[in-house]
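Undergrad: the following block contains a protein sequence and its predicted model.
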Amino acid sequence: MIHTYNEYHLGDQLVHLNFLRRACRENPELEVTHHCNPAHVSQLLPLTQDLPIHLADLYVPPDAINA
């Protein structure tokens, strides 16, 4: 499981999630949890459909990658 996070704006989230989508398509064994502002989750959820990308709040584990 890879954990990433981004504390910034919706646009930053979109760029990072598009990167994660491509990474997951090319590496089907990957599973990712992306931590973001809960206010953005409803707008980002369509980008995670049919992929092993999960969205979570900004309580990030210590090993999470700052995107």
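TA: That came through, no problem.

Undergrad: only C-alpha atoms for contact and neighbour calcs from this point on.
TA: Will do.

Undergrad: confidence score at the residue nearest the centre of the chain?
TA: Most central in the chain under Cα atoms, centre = their mean is H34, positioned 3.0 Å from the mean C-alpha point. Looking at H34, its pLDDT stands at 96.

Undergrad: for it, which three-state class applies?
TA: strand (DSSP: H, G, I helix; E, B strand; the rest coil).

Undergrad: do I have it right that it meets Y5?
TA: Yes: counting by Cα atoms under 8 Å, H34 does reach Y5; the two are 5.4 Å apart.

Undergrad: list the beta-bridge partners for the residue nearest to the centre of the chain.
TA: T4, L55 (DSSP bridges).

Undergrad: who's in contact with it?
TA: Shown in contact with H34 (Cα atoms under 8 Å, 6 or more residues apart in numbering): 3-6, 53-56.

Undergrad: could you do M1 as well?
TA: 30-33.

Undergrad: pick out the lowest-pLDDT one from the contacts of H34.
TA: N6 (90).

Undergrad: that one reaches H35, doesn't it?
TA: Yes: under the criterion of Cα under 8 Å, N6 makes contact with H35 at 6.6 Å.

Undergrad: from H35, how far out is L20?
TA: 13 Å (Cα to Cα, to the nearest Å).

Undergrad: and H9, by the same measure?
TA: 13 Å.

Undergrad: who has more neighbours out of those two?
TA: More crowded of H9 and H35, by other Cα atoms under 10 Å: H35, with 25 against 11.

Undergrad: against D63, how distant is L44?
TA: On the measure of Cα to Cα, L44 and D63 end up 23 Å apart.

Undergrad: give me the more crowded residue out of these two.
TA: L44 (17 against 9).

Undergrad: what strand or helix carries the spatially closest residue to that one that is not a sequence neighbour?
TA: Spatial nearest neighbour of L44, excluding adjacent residues (Cα to Cα, 6 or more residues apart in numbering): L14 at 7.2 Å. Here L14 sits within helix 10-26, counting by DSSP states H and E.
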